[in-house]
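Undergrad: Sequence first, then the predicted structure, then my questions.
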Amino acid sequence: MPASPARRAAMEVVRRAIEQGAYADRALHGASAGLDARDRALAKRLAFGTVQRRGTLDWVIDRHVQRRLDPEVRAALQLGLYQLLYTEIPRHAAVAESVELAKPNPGAKLVNAVLRKVLREGAALPGDDNPKDAAVHHAHPEWLVLLWWDWLGADETRALLAADNEPAELALRINPLAGVEVDLPGRREDDALVVQGPIDVLAHPLYRAGAITPQSRASQRVARILDPQPGERILDLCAAPGGKTTHLAALMGDRGEIVAVERHARRAEALRVQAQRMHATSVKIHVADAREVTPQALGGTFDRVLVDPPCSGLGTLSSHPDLRWRASPEGIEQLRAEQEDIVAAARGALAPGGRLVFSTCTLSPREEIVGGVAVRTLPHRDGTDGFYIAVDG
């Protein structure tokens, strides 16, 4: 029998993410079109899990295969191994459907042989007593494990690596500007609601009404630390997609002015749509490079400035399965230089006595370029994204 639609969609996502460098969430959007909710959920679980664990899966493959594999054969093996090693999916289905995914390539026979051998004998993964073994055991690039090992210590790193492979909690932000009561099961924390049970947020009437929006608890701390007041003039640099921007508007009661700067026109349009949905009429969008903004171009200085620049995103690995394989030390250095330029422009736009807050959703000391009063969240300690938030000065 042919492979199920869910597994074929997962296969497409895995191949696009690994071979073509596509973002897994965007690839899933296209690959899962036409699937019902159950099949879409299975496709997401298999695809995201396989991409997330690809380092470990390839380590297992390399111990069973001593030749180059065609891309479709390797992807079918990765999907099959993920199901055998990390899920409770019936073993016969995991093997049989992975073999079907590899057909008509003759390598389908190899897929069958390797999966059945692992099914019989298991896969003895290394422990995590040292960075090299921990990188395999927890499916992270070795350079990143070394960075955290030196920075946080062995025990903290092992806990962080394990947390990165667990599902991220689903946190929503309740938006009072919508004027709609939100009665969903979960745990409240300030404006945050940590949801209990499954929910299709983007299809929910409360989402369409602007009463809720997905946003991690760590991300929600940023606007509160900036502490905007009604009637103030606020600058938000690198503002898209607008979660923090619209939170600022809510904290101000939508009274005042928020100039949201975004350099990409398409992202700026998405920000406009977000602000409209969230009833944030105080948000004014300015399309420009945050490194080049001046008070003259923006109509004067600002009472408060938020700098949320591009970063490596290493605090969000549980919800972005491919991000750990995209980041690199060289990329972090490039980001640091851009961040420094943005902070310099932000300081030039801040009124005397004003407040500047710098935030990044990463766990990388090279990207902590602003000192002062700082908050750092860690996924294994705080149960939310890893963030660095600092008040300048």
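TA: Cool, got the structure.
Undergrad: Okay, residue 12 and residue 80: tell me how far apart.
TA: Distance of residue 12 to residue 80, computed by CB to CB, to the nearest Å: 16 Å. Just so you know, the C-beta spots here come from the backbone N, C-alpha and C atoms, and that holds for glycine as well.
Undergrad: Which one's more surrounded, these two?
TA: residue 80 (30 against 19; other CB atoms under 10 Å).
Undergrad: residue contacts, the nearest residue to that one once chain neighbours are set aside?
TA: Nearest residue to residue 80, sequence neighbours excluded (CB to CB, 6 or more residues apart in numbering): residue 98, at 3.2 Å. Residues in contact with residue 98 (CB atoms under 8 Å, 6 or more residues apart in numbering) are 3, 7, 76-77, 79-80, 83, 111, 115.
Undergrad: Quick check on residue 98: phi, psi?
TA: Phi and psi for residue 98, reported as degrees, to the nearest 10, are phi -70, psi -40.
Undergrad: And it, how far from residue 358?
TA: In terms of CB to CB, residue 98 sits 46 Å off from residue 358.
Undergrad: repeat for residue 90
TA: Distance, residue 90 to residue 358, using CB to CB: 49 Å.
Undergrad: between the two, who's got more neighbours?
TA: residue 358 (27 against 10).
Undergrad: Just name the shakiest helix or strand of this protein by mean pLDDT.
TA: strand 373-377 (a mean of 91; mean pLDDT, DSSP states H and E).
Undergrad: what comes into contact with that strand?
TA: Residues contacting strand 373-377 (CB under 8 Å, 6+ apart): 218, 221, 225, 315, 363, 368, 384-391.
Undergrad: can you redo those as TSV with neighbour count and secondary structure?
TA: Formatted as TSV, the contacts of strand 373-377 follow (neighbours: other CB atoms under 10 Å; DSSP: H, G, I helix; E, B strand; the rest coil):
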residue	neighbour count	secondary structure
218	26	helix
221	21	helix
225	16	helix
315	29	coil
363	29	coil
368	17	coil
384	24	coil
385	26	coil
386	27	coil
387	26	strand
388	23	strand
389	23	strand
390	21	strand
391	17	strand
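Undergrad: In CSV, list those residues along with distance to residue 30 and pLDDT.
TA: Compiled in CSV, the contacts of strand 373-377 are given as follows (distance: CB to CB, whole Å; pLDDT from 0 to 100):
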residue, distance to residue 30, pLDDT
218, 30, 97
221, 34, 97
225, 37, 97
315, 27, 98
363, 31, 97
368, 36, 95
384, 29, 97
385, 26, 97
386, 29, 98
387, 30, 97
388, 33, 97
389, 35, 97
390, 38, 97
391, 42, 96
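Undergrad: what comes up buried for stretch 7-26?
TA: Buried residues in stretch 7-26, counting neighbours by 16 or more other CB atoms under 10 Å, are found at 7-18, 22-25.
Undergrad: Sitting in helices, which of the residues you listed do you find?
TA: Residues of those located in helices (DSSP state H): 7-18, 24-25.
Undergrad: Which one of these is nearest to residue 347?
TA: Among these, residue 25 lies closest to residue 347 (CB to CB), at 34.4 Å.
Undergrad: Could you tell me how many residues sit around the spatially closest residue to the closest one that is not a sequence neighbour?
TA: Nearest non-adjacent residue to residue 25, counting by CB to CB, 6+ apart: residue 320, 7.6 Å away. If you count neighbours by other CB under 10 Å, residue 320 ends up with 22.
Undergrad: all helices in the stretch 151-300 of the chain, in order from the N-terminus.
TA: Secondary structure of the stretch 151-300 of the chain (DSSP state H, counting those that start in this stretch): helices located at 154-164, 205-208, 217-226, 243-251, 265-277, 295-298.
Undergrad: so which of the ones you listed is the most packed in?
TA: Of all these, helix 243-251 has the most neighbours on average by mean count of other CB atoms under 10 Å, namely a mean of 26.
Undergrad: mind listing what the closest residue to residue 249 other than its chain neighbours touches?
TA: Spatial nearest neighbour of residue 249, chain neighbours left out: residue 280 (3.6 Å); criterion: CB to CB, 6+ apart. By CB under 8 Å, 6+ apart, the contact set of residue 280 is 177, 245-246, 249-250, 254, 258.
Undergrad: where's residue 280 relative to residue 142, distance?
TA: Applying CB to CB, the value for residue 280 to residue 142 is 43 Å.
Undergrad: Tell me if I'm right that residue 32 and residue 8 touch.
TA: No: counting by CB atoms under 8 Å, residue 32 sits too far from residue 8 to count as a contact (10.2 Å).
Undergrad: Assign a three-state SS to the most far-flung residue of the chain relative to its centre, would you?
TA: For the chain, the residue at maximal distance from the C-alpha centroid (CA atoms, centre = their mean) is residue 106, at 36.9 Å. Secondary structure, DSSP: H, G, I helix; E, B strand; the rest coil: residue 106 is coil.
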